[in-house]
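> Show me the folded form of this:
(4 chains)
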There are 4 protein chains.
Amino acid sequence: MPDQHAAVQPPSPAPGPQRTEFYGRLKGQSLTPLWEVLKGLVPPEPRPTPLPHIWHYDTLRPYLLEAASLVTAEEAERRVLVLENPAFAGKSRATATLYAGIQIVLDGEVAPAHRHTASALRFVLESSGGFTAVGGERTTMRVGDFVITPSWAWHDHGNASGQPIMWMDILDLPMVNFFEGGFSEHHNDQTQSIGRPEGDALARYGAGLLPLDGTGPFGKTSPIFSYPFDRTRAALATVAAAGSADPHWGTTLRYSNPSDGGWAMPTISSWMTHVGAGTSTKAVRSTDGMVVAVAEGRGTVRVGDKRMSFGPRDVFVLPNWTPRSFEAESDCFLFCSSDRVAQEKLGLWREERLQA
Amino acid sequence: MPDQHAAVQPPSPAPGPQRTEFYGRLKGQSLTPLWEVLKGLVPPEPRPTPLPHIWHYDTLRPYLLEAASLVTAEEAERRVLVLENPAFAGKSRATATLYAGIQIVLDGEVAPAHRHTASALRFVLESSGGFTAVGGERTTMRVGDFVITPSWAWHDHGNASGQPIMWMDILDLPMVNFFEGGFSEHHNDQTQSIGRPEGDALARYGAGLLPLDGTGPFGKTSPIFSYPFDRTRAALATVAAAGSADPHWGTTLRYSNPSDGGWAMPTISSWMTHVGAGTSTKAVRSTDGMVVAVAEGRGTVRVGDKRMSFGPRDVFVLPNWTPRSFEAESDCFLFCSSDRVAQEKLGLWREERLQA
Amino acid sequence: MPDQHAAVQPPSPAPGPQRTEFYGRLKGQSLTPLWEVLKGLVPPEPRPTPLPHIWHYDTLRPYLLEAASLVTAEEAERRVLVLENPAFAGKSRATATLYAGIQIVLDGEVAPAHRHTASALRFVLESSGGFTAVGGERTTMRVGDFVITPSWAWHDHGNASGQPIMWMDILDLPMVNFFEGGFSEHHNDQTQSIGRPEGDALARYGAGLLPLDGTGPFGKTSPIFSYPFDRTRAALATVAAAGSADPHWGTTLRYSNPSDGGWAMPTISSWMTHVGAGTSTKAVRSTDGMVVAVAEGRGTVRVGDKRMSFGPRDVFVLPNWTPRSFEAESDCFLFCSSDRVAQEKLGLWREERLQA
Amino acid sequence: MPDQHAAVQPPSPAPGPQRTEFYGRLKGQSLTPLWEVLKGLVPPEPRPTPLPHIWHYDTLRPYLLEAASLVTAEEAERRVLVLENPAFAGKSRATATLYAGIQIVLDGEVAPAHRHTASALRFVLESSGGFTAVGGERTTMRVGDFVITPSWAWHDHGNASGQPIMWMDILDLPMVNFFEGGFSEHHNDQTQSIGRPEGDALARYGAGLLPLDGTGPFGKTSPIFSYPFDRTRAALATVAAAGSADPHWGTTLRYSNPSDGGWAMPTISSWMTHVGAGTSTKAVRSTDGMVVAVAEGRGTVRVGDKRMSFGPRDVFVLPNWTPRSFEAESDCFLFCSSDRVAQEKLGLWREERLQA
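Residues are numbered from 1 along each chain as shown, chains lettered A, B, ... in the order given. Modelled structure (predicted):
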């Protein structure tokens, strides 16, 4: 993002014996000469670490089933295959700031109740039922549903559907761990007690209405903890039919917190983008790296110099500050997630819309 | 609301010839001795002007039809019978701060496009169709729907349903006129042009989702300009079934602005209260006077020393700072409206929950 | 504020015997035909009720002293001459929504402690000392100081300076009474007990710093309850010297609430305007009517077709939606007050900048 | 922060040949079994990485002067010795999320104009003058002043005082780099052009007043970019004298943004704490690690098991989630800085007040 003021960065001070000797003495005092490290600390523009990557569901699914045959849900606490960006080997990161994984719960299994500072979202990839319990209410997880487990809320997952259920998890664990602010606890019981009927939260907060006092139970997180896909899809299809697609962002609606109009979660932004069959979007880049799960449709994503073909239930990573665009073969509904909300709060988020 | 500090109000200074002569001279200077008027200006607690009053729909309906036979919609611009509180004769006020009326549009008629600073809401009492157009979108008005025409938004009403349509209007006209801040304009055309399909606003803002930029077209007013009754009723019934009724407020959800979680309108609060068949609420009073339309159910409202029986489509006024309670014969769904949001913003709103 | 859509307002339905008979029957049902009153209710633009008016301090002062000789402060509770707009005779209003008056407290007197829903501000016109106590802290009232008594805060005034003190009061009483939401109480003691040293609030909230928890004791009202004139004047003079005067508003800074950056009070806006000697401002009108007290300087204000010359300590009213402009003979510092903050919250405020 | 629900964390699934073989195959697919890494990712409570550390000014100063003799300000762009936490060797971090350093500018030198996404604060340790220019205004840097260079604002430093100037820099560089969202630019000129007189910003935004439009030039950052120590110190001393010290936090006021009442900067919290001579504070821990510069006074800080004695201009680091308390020999004024504001926005911040 250069402008008329941009100038050539000055060279660093040349080393020399006197300086080198001085730097050595500094080290013993827990001091470092800034000019030796300045360029690495303050780059002219973001240099994304993550690599573009796609995990095809056809490949993932057998690994999940094999994992389920080797380790029980209880043993694993959460039986998840972490989607680890090739650039972050050993670090359990999909992007610079987000953890992503695919979880499987077999019929009859329970992922036991715990809670943690980290916020989590689930995007359901395969399900004949199965549920998540949050804050005393269970929600059935259907394909395409967006389910939140807010920071520090007890949650457990179960499945009595007769079939395995699989979903994508995204957590802000790298953020929480960067700030070194994470707590966690295990519940004394496998499952939390249920105090409200299914659908209560959606009725109370998700119908254009709110309780008189306006506040929900989850602090900065949306009190609607389950956004059903059928409703999201219908809304997006209606808006798309009105013909108001953005050239760069397609037709996009973000999951929102009805208590304040902000993003649904305090650290992770989520939205769904529709790209109509046979259409494409123009390239755009933004400072937030994204994890995308394909809710419906087939197409191609261009990200930097790479092209990746995708189909239903595939998951892919689009690195920060790397131009991206979509070409849709069939009508695509793309679930997208990034740290945009955190960057916006901290004053970091930028986008650049390209003409190509 | 006396407390331990409350003391007897001191007597005013006694008049006398010297003082009286002085007061006379003051008058010529556009000056008034405060101590002569202080008690009227600063009462110990609110002295409500409005009277409790009920308009039964069975009585109203023939008058509306007669009005429709005597005056055309175009002639009247808005063919409305104003619900004038008996305490505000000639002032077109239902409460101290709200205007209310019942509007009728016959099949084939148009209430022509205009706009004004005043905000309006409609609550539909009888309809086989009919529509309101706001901001380039038409919405069909069905019984029980809550429809907003935001401040300074063009709006027109029409009806091609084959039957008359009747609804309640509530406007903040007394407020706007108190502040002497009102503007209005007539559109050059009878009806505004329509640029978006019906349902667009509800899809875009009312499904737990928002556009990326978060803002709607109506400034401080909810971008959802039509809240369908079927959805409101279902949500309220679900919450009521969960058994979380408030002793004083029953089961109540307020119409909210998804952009900020506040009330749907900047000057008028609206909510729906459910009182279950055979139950009653405890008395409560608040500084806002209310206009209530019965969406469903039969029962009795006690307000101060008065009891009023109500049935479907009846409209009644509950004065400010007067204890009120409901007894429901059948399941009641009560649409309520007041200036609470304005009072909250100005720091005036108070309630007192009584034990009776 | 007409635009291309503005059209001729249609005529009202002509009366006739059948209609007149009908209207008569409606009256018995507490119903009114809207079309008979519509034009009065919804004007095309504001029709200001208040008249421009100026009270010269030279005239006011002797009346205040005479009042003080006729009625004691205790007797009067508040010994104030109300500045009653000639258009609001008998209504204790300076503008449509604001009460204004001039209060005098003699040496040795006390204006006893009370509290009320209405918010008050004081602008000190003449003082050798004297104090207001609010929330357990006393503040000395010096000429030009802006002092707030927040809604429902105990307050009393005293004077041990050896000289009378006189100040302008502005209250939102017409607003509170329009909403019929006012409460008041008398303290059991003449003066409240003092728990904090003078200057505590200014140190705690007024030095670019805030307590960790950020909140002050007065809800929506600024925790800085006394804004000293010396500081305000110095800041305004510095900004004026930087040469950034607005053509219509001169150099203007508003009194702000450090807790949220909003106006200092929830119902009354206050600001100070500097107009440099020999300069003038262009005409502007806004929907809020103003009360102006001259802190320093001499000049002329044009308001509509009227011109009023002013000098130090004079007080004048500028009606809503009436073009106004200032011509300064000497450097003018003008303390201004209106209901702008209330209008902004309710979505009513507008201004129009004229070229003249 | 255990509660009644806390239970023993379950053991991880034991490895075995079949599992190990499976994990190997996963690695080739950019997949990782969560249960192998879960405990490291989701700890029961924060495990602080930074170590407590103190840099005594008497030690630092000669190194700064030596640096100044070896490298010119222009050559270095910013001649700073980075305060590198011993636990973050090579990473230029004082805490997990903050960069800190000490900068020196000799008489006649210029640190040339540049701008960057990262926000910076300066706390002046030694000065006979010297200035920072931000947004077209210069501010003289006096000992104890808190000066902000907002994100993406051009800034340059200069010194014509005849003596070296030294200050502490704190930047959010680790945060910006964690999010991989940083940009930077060099100005074409050594120094930016100056368009406003010194003191303009403080007058405009720092005197309890704000411009009518309320917004400042720096987005989420306080428009007051220089908080003079004399004013801060006086305010804090006044509040301390009122006797309202918090047992754990002493008398503390935070630097605030007058536009919204929040912290002065969007990513870094700063405050000043007074601890009276001969008094001490109780232990408290919070999830934010701190960098503290001693503005005045001598005393001891206990942090975890370590005790560090400090005097004027010393700088020390207090790690996150480690109990800390102060004992003051003389009146201490401690400038403190952390990422608390970022943690609060993201929903991460917690504190625990201990009884010791």
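
> Where does the residue nearest to A:Arg93 when sequence neighbours are not counted sit: helix, strand or coil?
The shortest distance from A:Arg93 to any non-neighbouring residue, by Cβ to Cβ, 6 or more residues apart in numbering or on different chains, is to A:Pro174 (5.2 Å). Glycine gets a C-beta too; all of them are placed from N, C-alpha and C. Under the three-state scheme (DSSP: H, G, I helix; E, B strand; the rest coil), A:Pro174 adopts helix.

> repeat for A:Gln18
A:Gln18 falls in the helix class when you classify it by three-state DSSP.

> what sits against it?
A:Gln18 sits next to D:Leu70 when contact means Cβ atoms under 8 Å, 6 or more residues apart in numbering or on different chains.

> One more pass at 6 Å, please.
Listed by Cβ atoms under 6 Å, 6 or more residues apart in numbering or on different chains, the contact set of A:Gln18 is empty.

> Please report how far it lies from D:Glu75.
14 Å (Cβ to Cβ, to the nearest Å).

> And A:His155, by the same measure?
Distance, A:His155 to D:Glu75, by Cβ to Cβ: 56 Å.

> With adjacent residues omitted, what lies nearest to A:Trp35?
In this structure, A:Trp35 finds its nearest non-sequential neighbour in D:Ala76, 4.0 Å apart by Cβ to Cβ, 6+ apart.

> how many other residues sit next to the one you found?
D:Ala76 has 24 neighbours, counted by other Cβ atoms under 10 Å in any protein chain shown.

> Please verify my assumption that it contacts A:Glu36.
No - taking contacts as Cβ atoms under 6 Å, D:Ala76 lies outside contact range of A:Glu36: 9.3 Å.

> And the pLDDT for the residue in chain A that chain C sits nearest to?
Closest contact between chain A and chain C, by Cβ to the nearest Cβ, is at A:Asp260 (15.5 Å). The per-residue pLDDT reported for A:Asp260 equals 95.

> Could I get the contacting residues of it?
B:Gly261.

> Considering helices and strands only, name the one in chain A with the lowest mean pLDDT.
The weakest-scoring helix or strand in chain A, judged by mean pLDDT, DSSP states H and E, is helix A:73-76 (a mean of 88).

> buried set for that one?
Residues A:Ala73, A:Ala76 are the ones in helix A:73-76 that count as buried (16 or more other Cβ atoms under 10 Å in any protein chain shown).

> In the sheet, which strands lie alongside whichever helix or strand comes after that helix, parallel or antiparallel?
Using DSSP states H and E, the helix or strand that follows helix A:73-76 towards the C-terminus is strand A:80-83. According to DSSP bridges, strand A:80-83 has the following sheet partners: strand A:99-105 (antiparallel), strand D:31-33 (antiparallel).

> Just the C-alpha atoms of the first one, please, in PDB.
Yep, that's strand A:99-105 we're talking about. What follows is strand A:99-105, C-alpha atoms only, in PDB (Å, rounded to 0.1, in the frame of the first residue of the first chain):
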ATOM      1  CA  TYR A  99      -6.800 -23.200  15.100                       C
ATOM      2  CA  ALA A 100      -8.900 -25.400  12.900                       C
ATOM      3  CA  GLY A 101      -9.800 -29.100  13.000                       C
ATOM      4  CA  ILE A 102     -12.300 -31.700  12.100                       C
ATOM      5  CA  GLN A 103     -14.100 -33.500  14.900                       C
ATOM      6  CA  ILE A 104     -15.900 -36.800  14.800                       C
ATOM      7  CA  VAL A 105     -18.300 -38.200  17.300                       C
END
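
> Now do it: everything it contacts.
A:60, A:64, A:68, A:73, A:79-83, A:92, A:94, A:111, A:130, A:157, A:159, A:164-171, A:173, A:291, D:34.

> so where's the stretch 251-356 of chain A shaky on pLDDT?
Applying pLDDT under 70 to the stretch 251-356 of chain A flags residues A:356.

> Could you rerun that using 50?
Nowhere does the stretch 251-356 of chain A drop to pLDDT under 50.

> which residues of it fall in strands?
Under the criterion DSSP state E, counting those that start in this stretch, the stretch 251-356 of chain A contains strands at A:251-255, A:269-275, A:284-286, A:290-296, A:299-303, A:306-310, A:315-318, A:324-328, A:332-338, A:351-353.

> Let me have those in a markdown table, extended by distance to B:Ser256 and mean neighbour count.
Output for the strands of the stretch 251-356 of chain A, formatted as a markdown table (distance: least, Cβ to Cβ, whole Å; neighbours: other Cβ atoms under 10 Å in any protein chain shown):
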| stretch | distance to B:Ser256 | mean neighbour count |
| --- | --- | --- |
| strand A:251-255 | 17 | 23 |
| strand A:269-275 | 21 | 25 |
| strand A:284-286 | 30 | 21 |
| strand A:290-296 | 28 | 24 |
| strand A:299-303 | 36 | 21 |
| strand A:306-310 | 37 | 16 |
| strand A:315-318 | 34 | 25 |
| strand A:324-328 | 34 | 21 |
| strand A:332-338 | 26 | 24 |
| strand A:351-353 | 30 | 14 |
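
> Format these as TSV; extra columns: distance to chain B.
Formatted as TSV, these follow (distance: least, Cβ to the nearest Cβ, whole Å):
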stretch	distance to chain B
strand A:251-255	4
strand A:269-275	7
strand A:284-286	11
strand A:290-296	13
strand A:299-303	19
strand A:306-310	22
strand A:315-318	16
strand A:324-328	15
strand A:332-338	11
strand A:351-353	10
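
> And those: which comes nearest B:Ala242?
strand A:251-255 (23.8 Å; Cβ to Cβ).

> So what touches the closest one?
A:146, A:227, A:236, A:239-240, A:245, A:264, A:270-271, A:273-274, B:209-210, B:212.

> Report the buried members of those.
Buried among those by 16+ other Cβ under 10 Å: A:146, A:227, A:236, A:239-240, A:245, A:264, A:270-271, A:273-274, B:209-210.
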